[in-house]
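S.K.: kindly generate the corresponding structure for this input.
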Amino acid sequence: MTPAPGTVPPPPGGYRVPARYGYGYPETPAETTTRLRPVRPRQRWRTTAAAACAVLGLGLIGGAATGAWLTGDSSAGAARSPYSTARGAWHSVPVDTLFPRTLQGRGAGPGGTDRTWTRLAVAADSACADGLDPLLGTTLRSVGCERLVRATYTDATRSAVTTVGLVFAEADAPGMQALRTRFTEQRLGARKDLMPRTYAAEGTLAASFGDEQRASWTVSPLTEIPVVVLAVSGFADGRPVTDPQPASDAVAPDATTDIAQAGLGHEAKGIADRVERGLRRAVADLTEQPE
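M.R.: Sure thing, here's the model as predicted:
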């Protein structure tokens with residue numbers, strides 16, 4: 001093809017804009033600068049008229065700004081609400097941001113040891129009825145359920161597996177605060193019949209991670225955003241656990257149970273904490289963007 005006048009064809013092997021982007025612009029735009037025309041001296045009446053127009057324009061702009069301030073109209077550059085932003089984060093935030101392939105847990109293990117967790121699988125988003133035990137679903141019914149997303153991780157030694165989940169609720173701030181208060185006052189997070197379900201992804205180390213293998217767990221309703229963070233851990237070898245222990249008890253310095261000694265409480269709490277922090281950062285970034 002003959003290049004357009006004024007264009008410079010790329011060297012052999014040079015980069016060309018792929019046609020699929022559909023920009024339609026040449027790689028090197030043709031020269032479009034024309035010869036400048038002489039500028040005639042300004043006349044006094046034109047200068048005066050221009051000044052008057054400028055004053056009038058500033059007055060109109062100032063009046064509009066004042067009117068917007070008085071009426072509370074801040075649509076220009078308005079920030080999104082963290083609550084409205086968070087409700088849609090399950091599909092607007094990339095999965096690798098919600099559930100990173102690797103999580104670093106500095107000081108998150110027993111005795112302040114460091115932990116590293118690797119993601120094994122991510123479950124398809126689902127309704128809460130499909131991913132929560134009926135009683136836990138009933139307990140969270142007061143805040144509604146927009147969507148549930150989950151992923152399963154293993155530690156560096158591949159001796160533990162943990163499923164972490166995010167329940168995106170429909171409630172407003174008072175509703176989430178009421179649920180948080182109820183969990184705190186009634187210690188609902190320590191009830192064994194309110195443990196989260198596991199996500200036992202086939203073909204992974206967590207394939208045998210079922211209900212009988214649940215060892216330690218945490219359920220935490222947030223109040224700054226409408227989300228409930230939950231996690232449940234167990235042994236990777238698939239051994240059943242007869243007496244599971246909530247993470248809040250298993251991470252206590254004086255805890256001596258097998259679950260505590262194996263660090264399974266730290267696994268559930270550490271992974272849940274880091275997924276929560278990542279979600280908060282993502283929501284904060286989206287909230288700062290104007291609508």
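S.K.: buried set for stretch 124-139?
M.R.: By 16 or more other C-beta atoms under 10 Å, the buried positions in stretch 124-139 come out as 125, 128, 131, 132, 136, 137, 139. Placement of C-beta: from N, CA and C, glycine included.
S.K.: and which of these is nearest to residue 166?
M.R.: Nearest to residue 166 among the buried residues of stretch 124-139: residue 125, at 9.7 Å, using C-beta to C-beta.
S.K.: the closest one touches residue 88, doesn't it?
M.R.: No - using C-beta atoms under 8 Å, residue 125 is not in contact with residue 88; the gap is 12.0 Å.
S.K.: for the stretch 101-250 of the chain, just list every one of the strands.
M.R.: 102-105, 115-122, 147-155, 160-168, 216-221, 227-235 (DSSP state E, counting those that start in this stretch).
S.K.: including mean pLDDT, mean neighbour count and distance to residue 244, could those go into CSV?
M.R.: CSV is the format used below for the strands of the stretch 101-250 of the chain (pLDDT from 0 to 100; neighbours: other C-beta atoms under 10 Å; distance: least, C-beta to C-beta, whole Å):
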stretch, mean pLDDT, mean neighbour count, distance to residue 244
strand 102-105, 96, 16, 21
strand 115-122, 97, 19, 20
strand 147-155, 98, 24, 17
strand 160-168, 98, 28, 13
strand 216-221, 98, 27, 6
strand 227-235, 98, 27, 9
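S.K.: which of those sits closest to residue 192?
M.R.: Of all the strands of the stretch 101-250 of the chain, strand 216-221 comes closest under C-beta to C-beta, at 8.7 Å.
S.K.: show me the shaky parts of this structure.
M.R.: For the chain, the stretches with pLDDT under 70 are 1-79, 290-291.
S.K.: circling back to that earlier point, possible to save the strands of the stretch 101-250 of the chain as CSV with distance to residue 197?
M.R.: Shown next, in CSV, are the strands of the stretch 101-250 of the chain (distance: least, C-beta to C-beta, whole Å):
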stretch, distance to residue 197
strand 102-105, 20
strand 115-122, 14
strand 147-155, 8
strand 160-168, 7
strand 216-221, 10
strand 227-235, 7
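S.K.: who wins for proximity to residue 263 among these?
M.R.: strand 160-168 (7.2 Å).
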